[in-house]
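**Student:** have a look; sequence and predicted model below, questions after that.
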Amino acid sequence: MTYGVDADRELVERAARGSREAFDELVRRHQRAIVSLARALTRGSADAEDIAQDVFLRAWRGLGRFRGDSTFRTWLHRVAVNVVHSHTGRVGRLRQLLLPRSDSVDADDPIERAPARTDLEAETLLRDAIDRALATLPEELRMAVILRDVQGLDYREIADVLDVPIGTVESRIFRGRQRLKPLLAPLRGGS
């Protein structure tokens, strides 16, 4: 399904022919969004930048398979979601190997907790609160909300990234936002 004008089309074509400069420009255009997505989907993991590098490495290697059925941005987000799923699976397996058998999560576990934040600026505190609220959502709702409200993808792009119908995307975003409202109300002065 092709839609919209892909602002990256020319760069993608040059990069697919082997232009490292063209691919570097694609990375510059999308790096902030992919790091932000990785951080949001991994609940603030310190590994977000490493995950983003893996996303771009996989994109470079897979560029020849990009058919242009969607925009490059949508395709790159799909790659990112797949890389995050792989990462999450590896971290889960590592946690099972390293942690003693217990039903409770150890707050001192460096794999489990987000990195300590010393910066007390309001923006950082706000982002942490939002991340905590997002972390309470089931994965399917969290992903849809993050792709829409954090990454700014439209519903069709999200449907392509998640490989679900648009109606499912709409439902997930609605339900996710409904669950977030009471958690984020204190940040908006209770309104």
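**Tutor:** It's in. Residues are numbered from 1 along each chain as shown.
**Student:** correct me, but Leu26 touches Phe72?
**Tutor:** Yes: the pair Leu26 / Phe72 is scored as a contact, 6.9 Å apart, by Cβ atoms under 8 Å. Where you see a C-beta, it was placed from the backbone N, CA and C, and this is true even at glycine.
**Student:** common neighbours of these two, please.
**Tutor:** With contacts defined as Cβ atoms under 8 Å, 6 or more residues apart in numbering, the residues shared by Leu26 and Phe72 are 8, 11-12.
**Student:** and Arg17, how far is that from Arg67?
**Tutor:** 16 Å (Cβ to Cβ, to the nearest Å).
**Student:** pretty sure Val84 is touching Ala40, no?
**Tutor:** No: under the criterion of Cβ under 8 Å, Val84 is not in contact with Ala40, lying 9.4 Å apart.
**Student:** what's the helix or strand for the residue nearest the centre of the chain?
**Tutor:** Central residue check for the chain by Cα atoms, centre = their mean: the C-alpha nearest the mean position is that of Leu37, 2.7 Å away. Per DSSP states H and E, Leu37 falls inside helix 20-41.
**Student:** buried residues in that helix, which are they?
**Tutor:** 22-23, 25-27, 30, 33-35, 37-41 (16 or more other Cβ atoms under 10 Å).
**Student:** now stretch 139-147
**Tutor:** For stretch 139-147, using 16+ other Cβ under 10 Å, the buried residues are 141-147.
**Student:** those helices in this protein, which residues are they?
**Tutor:** 9-16, 20-41, 48-62, 72-98, 122-135, 139-145, 155-162, 166-184 (DSSP state H).
**Student:** least confident of those, on average?
**Tutor:** Of all those, the minimum mean pLDDT falls on helix 72-98 (a mean of 71).
**Student:** tell me how far Asp128 lies from Asn82.
**Tutor:** For Asp128 relative to Asn82 (Cβ to Cβ), the value is 27 Å.
**Student:** picking up where we left off before, dump the buried residues of helix 20-41 into TSV; add distance to Arg132 as well.
**Tutor:** Below are those laid out as TSV (distance: Cβ to Cβ, whole Å):
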residue	distance to Arg132
Ala22	39
Phe23	35
Glu25	35
Leu26	32
Val27	30
His30	26
Ala33	21
Ile34	22
Val35	19
Leu37	17
Ala38	17
Arg39	13
Ala40	12
Leu41	14
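**Student:** what's near enough to touch the residue nearest to Ile166 when sequence neighbours are not counted?
**Tutor:** Spatial nearest neighbour of Ile166, chain neighbours left out: Ala159 (4.7 Å); criterion: Cβ to Cβ, 6 or more residues apart in numbering. Neighbouring residues of Ala159 by Cβ under 8 Å, 6+ apart: 165-166, 168-169.
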